[in-house]
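> Quick one, fold the following:
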Amino acid sequence: MFDYLIVGAGFAGSVIAERLASEAGKKVLIIDTRNHIGGNAYDCYDNHGILIHKYGPHIFHTNSRPVFEYLSKFTEWRPYEHRVLASVDGQLLPIPINLNTVNKLYGLNLTSFEVKDFFTKVAEQMSYIRTSEDVVVSKVGRELYEKFFRNYTRKQWGMDPSELDKSVIARVPTRTNRDDRYFTDTYQAMPLHGYTRMFEKMLSHPNIKIMLNTDYREIEGIIPYGEMIYTGPVDSYFNYCYGKLPYRSLEFKHETLNVPVHQQAPVVNYPNEHLYTRCTEFKYLTGQEHQKTSVVYEYPQAEGDPYYPVPRPENAEIYKKYKALADATPGVHFVGRLATYRYYNMDQVVAQALTTYSQIVTKPTIELVSDLNGSSPNLGLDKAVDRPLPLEIASASSNGNGTAKSPAVS
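Take a look at the predicted model:
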């Protein structure tokens, strides 16, 4: 008899499993349909001995000290500050857009004060911001929107920014200084030996049993348990009774190249050319030394594993119906991205899982994350995401000086 059945061995399920087992002394069975733990953060060595992220780059960063300290129980860290270039007009330019981006693109020599005036002049004044296009154009003008954002969004989402809700981007990341870091969080680091090793330590407690290559429905009625922690797609749990919640997916094409270094930055975005949106070179992320290098190209697609909830009002209405069912389902706790139809970054998922655990064991706790209909988490977790959002504006949580702004929800 298990006290808890946990569906999904990603961050949400693994964190709750560890807390229930080590702190509450509960017996836990964790199940995943994949053949590995770690969810989308899973990393492994390819055939050439290079550590890669199977499901695209996962960059850890957070403003939450409690979240960072919790994960530090299971890993040492390698300091890492992420940087991204965008291929625009035959040049590789820093993204988020900063002073160097503008100067290099236009052959100018503006100062920080002058570039602020530049943004003011090119921005289009709007009385009401409704779409993602409106958000970008009202901040950086139409030309930069066309060069950096529009075609990237079309590839990523399969629709024009004018068709996407303004919530896709809360703020356009424009910096008036030369800070080319993608994120500005207090804690920026990568697990020293990789994410999978971190998950292995997290789930090594004797009270935790793991079953892979298994759908939880296969063992229901066979293996007894008390309550369920469900981190899978909420619509799947309820047999799609209100229809399927739309997601955008990705196809990852990995290549190992017979050169030590392939590109000038960890990630290069391709907003206007190629069918793929970006290319990531993993050795930048891991710090591994190897005579070869491994990269991954990301091709957005409509079908496949669910990655990005599609932010449209009609989809939000469908989710509300599923949430009402979830709230009314006794003995089942819905946690994580898929179960709550939200694109949370890694630290937000950890915070949500820790909050859920505290609620389960009815111990006094401060609120680590807001309710799903409210604002973003309030423990210093901000908008910057571990897998950069499709418009590549994750560092919108920082202002022009590179300091953290208040949290924002995508």
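
> May I have the residues that are in contact with the residue nearest to Glu273 when sequence neighbours are not counted?
Leaving aside its chain neighbours, Glu273 sits nearest to Ser87 (6.7 Å; criterion: Cβ to Cβ, 6 or more residues apart in numbering). (Each C-beta comes from the backbone N, C-alpha and C, glycine too.) Residues near Ser87 by Cβ atoms under 8 Å, 6 or more residues apart in numbering: Val268, Asn269, Tyr270, Pro271, Asn272, Glu273.

> Contacts only, for the fourth one.
This points to Pro271. Under the criterion of Cβ under 8 Å, 6+ apart, the neighbours of Pro271 are Ala86, Ser87, Val88, Lys147, Phe148, Phe149, Arg150, Asn151, Tyr152, Lys155, Thr277.

> rerun that using 7 Å as the cut-off
Ala86, Val88, Phe148, Asn151, Tyr152 (Cβ atoms under 7 Å, 6 or more residues apart in numbering).

> so of those, which ones are in strands?
Mapping those onto strands (DSSP state E) picks out Ala86, Val88.

> Which members of the contacts of Pro271 are the farthest-apart pair?
Ala86 and Asn151 (11.1 Å; Cβ to Cβ).

> okay, the two: which has more neighbours?
Higher neighbour count among Ala86 and Asn151: Ala86, with 26 against 17, using other Cβ atoms under 10 Å.

> where along the stretch 201-350 of the chain do the strands fall?
If you assign secondary structure with DSSP state E, counting those that start in this stretch, the strands in the stretch 201-350 of the chain sit at 208-211, 225-230, 247-257, 267-269, 278-281, 293-301, 308-309, 332-334.

> Any idea which of the ones you listed gets closest to Thr174?
strand 267-269 (16.2 Å).

> partner strands of the closest one, parallel or antiparallel?
Partners of strand 267-269 in the sheet, by DSSP bridges, are strand 84-88 (parallel), strand 278-281 (antiparallel).

> CSV for the ones you listed, including mean pLDDT and distance to Ala316?
Below are those laid out as CSV (pLDDT from 0 to 100; distance: least, Cβ to Cβ, whole Å):
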stretch, mean pLDDT, distance to Ala316
strand 84-88, 97, 29
strand 278-281, 98, 27
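
> tell me the mean pLDDT for stretch 3-11?
The average of the pLDDT scores along stretch 3-11 is 98.

> One more: stretch 51-67?
Confidence over stretch 51-67 (mean pLDDT, whole number) is 98.

> Could you do stretch 327-344 as well?
The average pLDDT for stretch 327-344 rounds to 96.

> Just list the residues touching Tyr230, thanks.
Val7, Tyr237, Val332, His333, Phe334, Ala339.

> Kindly state the beta-bridge partners for it.
On the basis of DSSP bridges, Tyr230 takes part in beta bridges with Val7, Phe334.

> will you turn the contacts of Pro271 into JSON lines that also has distance to Ile59?
Output for these, formatted as JSON lines (distance: Cβ to Cβ, whole Å):
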{"residue": "Ala86", "distance to Ile59": "17"}
{"residue": "Val88", "distance to Ile59": "22"}
{"residue": "Phe148", "distance to Ile59": "20"}
{"residue": "Asn151", "distance to Ile59": "24"}
{"residue": "Tyr152", "distance to Ile59": "18"}
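
> just to revisit the earlier point, distance to Glu69 added to the strands paired with strand 267-269, as JSON lines?
Formatted as JSON lines, the strands paired with strand 267-269 follow (distance: least, Cβ to Cβ, whole Å):
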{"stretch": "strand 84-88", "distance to Glu69": "28"}
{"stretch": "strand 278-281", "distance to Glu69": "28"}
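
> Okay, now the unreliable bits of the stretch 251-400 of the chain?
The stretch 251-400 of the chain contains residues with pLDDT under 70 at 363-400.

> Ile208 and Ala21 touch, don't they?
Yes - using Cβ atoms under 7 Å, Ile208 makes contact with Ala21 at a distance of 4.9 Å.

> any shared contact partners between those two?
Both Ile208 and Ala21 are in contact with Val28, where contact means Cβ under 7 Å, 6+ apart.
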